[in-house]
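**Q** predicted model and sequence follow; I will ask about them next.
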Amino acid sequence: MSVEPFAEVAVKPLTVFDPPSIASYRLLGVLGSGGMGRVYLGQSPSGRRVAIKVVRGDLLDDPATRRRFAREVAAARTVSPLFTAAVVDADLDAEPPWLATTYIEGPSLERWVEGHGPLAPSAGLTLAAGLAEAVASIHHAGLIHRDIKPGNVLLGAAGPHIIDFGLVRGPRSTRVSLGRPVGTPSYMAPECIHGEEAGPPADVFSLGATLVFATTGRSLVESEQLYAQIMQIIEGRFELSGVPGELRALVARCLSPQPRDRPTAAELVGVLAAGGIPAPEPGWYESASAAPPEVKLDLPARSVRLSRRRMLAAAGAAGLATLGGAGTWLATHRRTARPVASSRPGTVLWLAGSGAQPTAGDPAATRILPDTARRIVAAGMTEVFARTVAGRRLWTYRLPARFVDARAWAGAVVVADRTGVTLLDAASGRSRFAVDVTRSPAAAGPVQRLVSAVDRVFVDGAVATVALDDRGQTLWRRAVGSPLAADPTWLLTHGRTGASLAVGLSDAATGERRWITRYGVSPRPPIGTPPVVGSPVFGPGDGPPVFDEAWNRVEAHLAAEFVAVRAGSDLRVLRLRDGGLVWRRVWPTPIASLAVAGDLLLVGADRVTALTLDTGAEAWQSPLRGARMAVSPDGHTTVVAAERTVTALDPVGTPRWQIDVPAAVGRAVPDRVSFDEGTAFVTFKPVDQQVTPLEVDVLAVTLGDA
């Protein structure tokens, strides 16, 4: 059967090696092929056209390919369909797995420019606005695309669409590339070439490189030798004179060598929207002579690190005028309450009291959630409230039942009490949704625990786990065990009976159980049992030893190929694919916390010890005791809150900076470490049965560059 091209898209006929159909979809032709599989033009039973991506047969036995494809499907479902191809259907368990999305009738940017030449300036501005909004949507969903390039941009009638989420990662993913760049060289940010994990600024760099190709018809780097391409990107030697003057300064900022000097995607949206760029209309990219609209793009002021000579060569006089003109957009569009972060890492920005009410005998009955808006949300027992660092209360929300847990999620604060889950706006306290899981259609028992992933939360309802999306809709209900950890693909659960622990892995999207493993662990010592000499919380001379509830905690972390689980001092690493034991260690001293940094498992006890996930071999140690730890969103820095210090460690355990806990904190111990943009927060809790709020229990410190 012959297939006519649609909207400049070359559709090749099916070969004898291609299936005639996938599930209920009839295949009409081949749209393209890639490293993971082939993409077909398909037709649904009702006649609607879809694009179907099918994993290559020779990759079916590769677990890494299946995981990557699962991440792609999860990411495509998360991002708004306004900016990508919406997921219509998928089957990850089929042989081969496949994904069906809406068919966007339009060419890729790469094909269009190669066949018709660069876009007109007006079309270039429309493309820039649409791509900025698309990238901002991806980042808002908690994802990083990592492969934005002309071949992954489709030019639809309503604007550009970004496709192919095969390399997507979450910014909180702790995997580190360890020297292996990910992406397409001509569109890869300098930090990725150095082997660092891509963060949101890397997508902005790729966006800038894509705009260069779109408006000049040339790649940012044109050498045929890979080494020359890499060196040109690292050195920042770009020829931008062909980029239209209206866009040149904006593109130059996107291509800044240092990630911190690039605007965020959200800032680009604001800049381009303020410029009055018209909305796309059918055929918006086709004109080669349209005059650009009258626009003025005032970029956020930042300390750009390009030399003046290089900026002159890159941006030209007109671009520099735009770049250095008003420069006030940032000040008028960002939150006025946000603190100005010091350029020196390890600087204490502020100390504050949350006003959280401690509960004697139940240290876990409080949660403190600070952010860079100089706002602290505190939850405990009967209420959730927010106050400024100066102590002014902003709002209060009364809980319908006893507090269980709270965490920052979906740009808000999700709170669980014994009856259900509420999502509160952090600025106003307004409820976005409230779900009583004990009475909902997916009824469960009293809430025991709350775990969050990028796109959903998992509620332990005692008799069943309920998955909710960010609108409060029930996605599934299954008796899979109590949630421990989750990411966009997997949910890890557990159940403990005496000295027996059952750990299971389920599909985060459906709740379908993939595996379960059971093993014996040491029984918990009774609450109040004195710790061993040399407690990780208190050393000699610091006062009487105090039992820490964290020592008995069951916690887990998901990594690329492994699952790390600890129950008290029993530490195990399991294979993600089947739950098989990789290695086990019983720690000789109480464990306060775990963290995963790339390929390492960090154990905070009488010191911080880094173990390789695949073998359990010791990689390095740090003498920091009783540590609460967290790994920064880019995966490059571990912030360790120990007895009386806060330290930032690099990936090999070398301190980047260390500060003493200010005396104002008093007799308290670290409880949690968290991050918001370039700031690290340490929250503290009382060391005894104190039931009055601590005067100071939040420390905000500049994280600094990795």
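**A** Yep, that arrived. What you see is a predicted model, and the numbers here were worked out from it, not measured in a lab.
**Q** quick one: the strands in the stretch 51-200 of the chain?
**A** For the stretch 51-200 of the chain, applying DSSP state E, counting those that start in this stretch gives strands covering 87-91, 98-102, 153-156, 159-162.
**Q** make TSV out of those strands and add mean neighbour count.
**A** Every residue, glycine included, has its C-beta placed from N, CA and C. Converted to TSV, the strands of the stretch 51-200 of the chain look like this (neighbours: other C-beta atoms under 10 Å):
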stretch	mean neighbour count
strand 87-91	18
strand 98-102	23
strand 153-156	25
strand 159-162	24
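**Q** distance to residue 436 and mean pLDDT for these - can I get that in JSON lines?
**A** Formatted as JSON lines, those follow (distance: least, C-beta to C-beta, whole Å; pLDDT from 0 to 100):
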{"stretch": "strand 87-91", "distance to residue 436": "30", "mean pLDDT": "89"}
{"stretch": "strand 98-102", "distance to residue 436": "35", "mean pLDDT": "90"}
{"stretch": "strand 153-156", "distance to residue 436": "41", "mean pLDDT": "91"}
{"stretch": "strand 159-162", "distance to residue 436": "38", "mean pLDDT": "90"}
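**Q** outline the domain layout of this structure.
**A** The domain map for the chain lists 21-102, 119-333, with the assignment taken from automatic domain parsing.
**Q** between the strands of the stretch 51-200 of the chain, which gets nearest to residue 233?
**A** strand 153-156 (19.7 Å; C-beta to C-beta).
**Q** distance between that closest one and the chain's centre?
**A** Put simply, strand 153-156 sits 25 Å off its chain's centre (C-alpha atoms, centre = their mean, to the nearest Å).
**Q** quick revisit: rank the domains of the chain by pLDDT, which is bottom?
**A** Sorting those by mean pLDDT places domain 119-333 lowest, at a mean of 73.
**Q** so the nearest residue to residue 554 once chain neighbours are set aside bridges to which residues?
**A** Once flanking residues are discounted, residue 554 sits nearest to residue 567: 4.7 Å by C-beta to C-beta, 6 or more residues apart in numbering. According to DSSP bridges, the residues that bridge with residue 567 are residue 554, residue 570.
**Q** hang on, isn't residue 567 packed against residue 501?
**A** Yes - at 5.3 Å, residue 567 and residue 501 qualify as touching, with contact defined as C-beta atoms under 8 Å.
**Q** then the helix ranked longest in the chain to CSV, C-alphas only?
**A** For the chain, the longest helix by residue count, based on DSSP state H, is helix 121-140. Provided in CSV are the C-alpha atoms of helix 121-140 (Å, rounded to 0.1, in the frame of the first residue of the first chain):
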residue,chain,number,x,y,z
PRO,A,121,13.0,36.2,11.8
SER,A,122,9.3,36.3,12.7
ALA,A,123,9.1,32.6,12.6
GLY,A,124,12.3,32.3,14.6
LEU,A,125,10.7,34.4,17.4
THR,A,126,7.5,32.3,17.3
LEU,A,127,9.7,29.2,17.5
ALA,A,128,11.7,30.6,20.4
ALA,A,129,8.6,31.4,22.4
GLY,A,130,7.0,28.0,21.8
LEU,A,131,10.1,26.1,22.6
ALA,A,132,10.7,28.1,25.8
GLU,A,133,7.2,27.3,27.0
ALA,A,134,7.6,23.7,26.1
VAL,A,135,10.9,23.4,28.0
ALA,A,136,9.4,25.3,31.0
SER,A,137,6.6,22.8,31.0
ILE,A,138,9.0,19.9,31.0
HIS,A,139,11.0,21.4,33.9
HIS,A,140,7.8,22.2,35.8
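**Q** what about it, distance to the chain center?
**A** Chain-centre distance of helix 121-140: 20 Å, with C-alpha atoms, centre = their mean.
**Q** just checking, what packs against it?
**A** strand 159-162, helix 200-216, helix 245-254, helix 265-274 (3 or more C-beta pairs under 8 Å, 6 or more residues apart in numbering; DSSP states H and E).
**Q** compare these and give me the one nearest residue 560.
**A** So among those, helix 200-216 is nearest, using C-beta to C-beta, at 18.5 Å.
**Q** buried ones in that closest one?
**A** Of all the residues in helix 200-216, those buried under the rule 16 or more other C-beta atoms under 10 Å are 200-216.
**Q** got it, and stretch 11-30?
**A** Buried residues in stretch 11-30, counted by 16+ other C-beta under 10 Å: 11, 14, 22, 25, 27-30.
**Q** and those residues, which two are furthest apart?
**A** The widest separation within the buried residues of stretch 11-30 (C-beta to C-beta) is 15.8 Å, between 11 and 22.
**Q** can you pull up the bridge partners for residue 583?
**A** Here residue 583, judged by DSSP bridges, has bridge partners residue 573.
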